[in-house]
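S.K.: Mind folding the following:
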Amino acid sequence: MMQLIENLPDNVVGIRAIGEVEDDDYEDVLVPAIEAAQASHDKIRLLYVLGEEFTGYEADAMWEDTKLGARTFTAYDKIAVVTDTTWLQRTVRAFGWMIPGEVRTFHTDALDEATAWISA
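M.R.: Numbering: from 1, shown residues only. Next up is the predicted model:
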């Protein structure tokens, strides 16, 4: 499931993944949050936290993630991915250069640093 992270600037969408992320999480949580931020900002920022509570993605959720990425490809100014999961860190680093805007990964113990960076 996805949960919004509160108390961020209105151009920052903060999401915490808990348990298994399902396809409905995109339509129910992430897409509305991105659309709301885009309504008042040309470029938005994304803080995506995949902490210890995160267990993985349902197959359909991965497809929703791909579709969302295609729809909002140029919308991002900055993206911060917070995770200790090695394969996620490597994937973000490997493909992050393809995304317009700045993309950084942070370990979960650096969440405050990631929040400061994405908010600055």
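S.K.: Wait, D10 touches S40, no?
M.R.: Yes. The criterion here is C-beta atoms under 8 Å, and D10 meets it with S40 at 6.6 Å. Backbone N, C-alpha and C define where each C-beta goes, glycine included.
S.K.: In this structure, where is pLDDT below threshold?
M.R.: 63, 65-71, 73 (pLDDT under 70).
S.K.: bridging residues for the residue nearest in space to the middle of it?
M.R.: The centroid of the chain falls nearest to Y48 when counting by C-alpha atoms, centre = their mean (3.2 Å). Beta-bridge partners recorded for Y48 (DSSP bridges): I15, V81.
S.K.: Thought A17 was touching it, still the case?
M.R.: Yes. Counting by C-beta under 8 Å, Y48 touches A17, with 7.4 Å between them.
S.K.: residue ranges of the helices in the chain, please?
M.R.: With helices called from DSSP state H, the chain shows them at 23-25, 31-40, 59-71, 86-95, 111-119.
S.K.: can you list those helices in a markdown table and add distance to E52 and mean neighbour count?
M.R.: Listed next are the helices of the chain as a markdown table, based on distance: least, C-beta to C-beta, whole Å; neighbours: other C-beta atoms under 10 Å:
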| stretch | distance to E52 | mean neighbour count |
| --- | --- | --- |
| helix 23-25 | 18 | 18 |
| helix 31-40 | 23 | 15 |
| helix 59-71 | 19 | 13 |
| helix 86-95 | 13 | 12 |
| helix 111-119 | 12 | 17 |
